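>>> next come a sequence and a model predicted from it.
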Amino acid sequence: MIKIKNISKKFFIKNNEVQALNKINLLIEEKDCFAVVGESGSGKTTLANIILGIYQQDEGDISFFEKQLFKKRNLEERKLIQYVQQNPMSTLNPKKTIFSTISLPLKIHKIVKKDEIEERVKKLLSYVGLNPEFMVRYPDTLSGGQKQRVAIARALAAEPKVLILDEPTSALDVIVQSKVLNLLLKIKKEFDLTYIFITHDLSVVRNIANKVVVMNKGEIEESGETKEVFLHPKSQYTRDLIKAIPTVTDKEDAVKPK
Ligand SMILES: Nc1ncnc2c1ncn2[C@@H]1O[C@H](COP(=O)(O)OP(=O)(O)OP(=O)(O)O)[C@@H](O)[C@H]1O
Ligand SMILES: [Mg+2]
């Protein structure tokens with residue numbers, strides 16, 4: 001579905017150059033929950049930004065359903081791949097009501113007729129577990145978890161095929177994290193979505209991702225079926241990452257590499 005071929009990206013800051021991605025190859029298939037893990041600075045967000053057309057890669061190609069994606073996207077391409085970021089405060093416009101935030105993609109992508117917009121916004125809010133009365137509110141009157149639900153509703157409004165989730169729960173407390181994760185799982189099933197799920201939380205990976213790629217300094221350390229990577233990691237780097245996951249039960253401990 002999404003084929004990433006030989007993608008590289010360098011950044012220049014003053015006289016320093018950073019190879020954020022170095023010849024990355026990945027195949028994301030329909031309905032995958034594809035986790036992207038790796039320490040801070042390993043290139044995860046850069047990869048997301050290239051898939052979204054926010055950044056231009058220096059080399060390599062991306063294709064979506066066998067069609068090459070360029071940085072400049074048409075409306076349909078923009079509609080089909082949506083983004084939920086780590087910090088909802090920085091992505092929700094503080095000057096816009098929740099209604100206007102969620103109705104924007106409905107209008108841009110002409111998802112429903114004009115007189116059906118309000119009804120659809122209400123429906124989207126209820127999907128993400130928010131009361132319709134949230135429509136008239138502004139982002140700064142919402143809790144972190146509620147803001148993230150709004151960001152998810154906005155992403156869903158466009159009726160995408162793929163959601164790129166960049167640490168969607170890391171700014172939230174543990175209980176809210178698990179509620180938002182459950183919501184994401186429910187939505188994935190209901191709408192047959194494909195997820196590219198960037199996270200630091202390897203227990204999340206183990207519980208929800210069917211595939212995983214481990215990034216290290218802009219390169220792929222290894223990738224494959226989550227079960228396989230967790231049970232038989234090929235590299236010491238991955239082994240150390242997995243061993244560092246806190247476990248609560250013996251059952252969880254049993255699926256760690258020795
Ligand atoms: N716009 C930019 N300009 C310059 N350097 C950048 C830019 N974006 C990313 N980088 C650099 O590229 C490297 C990869 O960054 P990236 O944000 O992709 O990492 P990450 O894996 O998402 O990290 P984190 O887990 O902390 O979010 C880092 O060294 C970062 O400093
Ligand atoms: Mg990042």
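Here it is on my side, so go on. Ligands and ions are numbered 1, 2, ... in the order given.
>>> tabulate the CA atom coordinates of stretch 232-248 in PDB.
Only the C-alpha atoms of stretch 232-248 are listed here, as PDB (Å, rounded to 0.1, in the frame of the first residue of the first chain):
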ATOM      1  CA  HIS A 232      14.000 -13.200  18.100                       C
ATOM      2  CA  PRO A 233      15.500  -9.700  17.800                       C
ATOM      3  CA  LYS A 234      18.400  -9.800  15.300                       C
ATOM      4  CA  SER A 235      20.400  -6.900  16.800                       C
ATOM      5  CA  GLN A 236      21.800  -6.100  20.200                       C
ATOM      6  CA  TYR A 237      20.200  -2.700  19.900                       C
ATOM      7  CA  THR A 238      16.700  -4.100  19.500                       C
ATOM      8  CA  ARG A 239      17.300  -6.700  22.300                       C
ATOM      9  CA  ASP A 240      18.300  -3.900  24.700                       C
ATOM     10  CA  LEU A 241      15.200  -1.800  23.700                       C
ATOM     11  CA  ILE A 242      12.900  -4.800  24.400                       C
ATOM     12  CA  LYS A 243      14.600  -5.800  27.600                       C
ATOM     13  CA  ALA A 244      14.000  -2.300  28.900                       C
ATOM     14  CA  ILE A 245      10.200  -2.600  28.800                       C
ATOM     15  CA  PRO A 246       8.900  -2.800  32.300                       C
ATOM     16  CA  THR A 247       6.800  -6.000  32.800                       C
ATOM     17  CA  VAL A 248       4.100  -6.600  35.300                       C
END
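>>> so how far is that stretch from its chain's centroid?
For stretch 232-248, the distance from its own C-alpha centre to the chain's C-alpha centre is 22 Å (C-alpha atoms, centre = their mean, to the nearest Å).
>>> check stretch 153-163 too.
11 Å.
>>> what of stretch 58-71?
Between the mean C-alpha point of stretch 58-71 and the mean C-alpha point of its chain there is a distance of 18 Å (C-alpha atoms, centre = their mean).
>>> and it with ligand 1, contact?
No - using C-beta under 6 Å from any ligand atom, we find that stretch 58-71 stays clear of ligand 1, coming within 12.6 Å at best. Bear in mind the C-beta positions are built from the backbone N, C-alpha and C, glycine included.
>>> and that stretch, end to end?
Taking C-alpha to C-alpha, to the nearest Å as the measure, stretch 58-71 stretches 11 Å from start to finish.
>>> give me the contacts around stretch 103-111.
Where contact means C-beta atoms under 8 Å, 6 or more residues apart in numbering, the residues beyond stretch 103-111 that reach it are 75, 79, 112, 117-118, 120-121, 154, 157-159.
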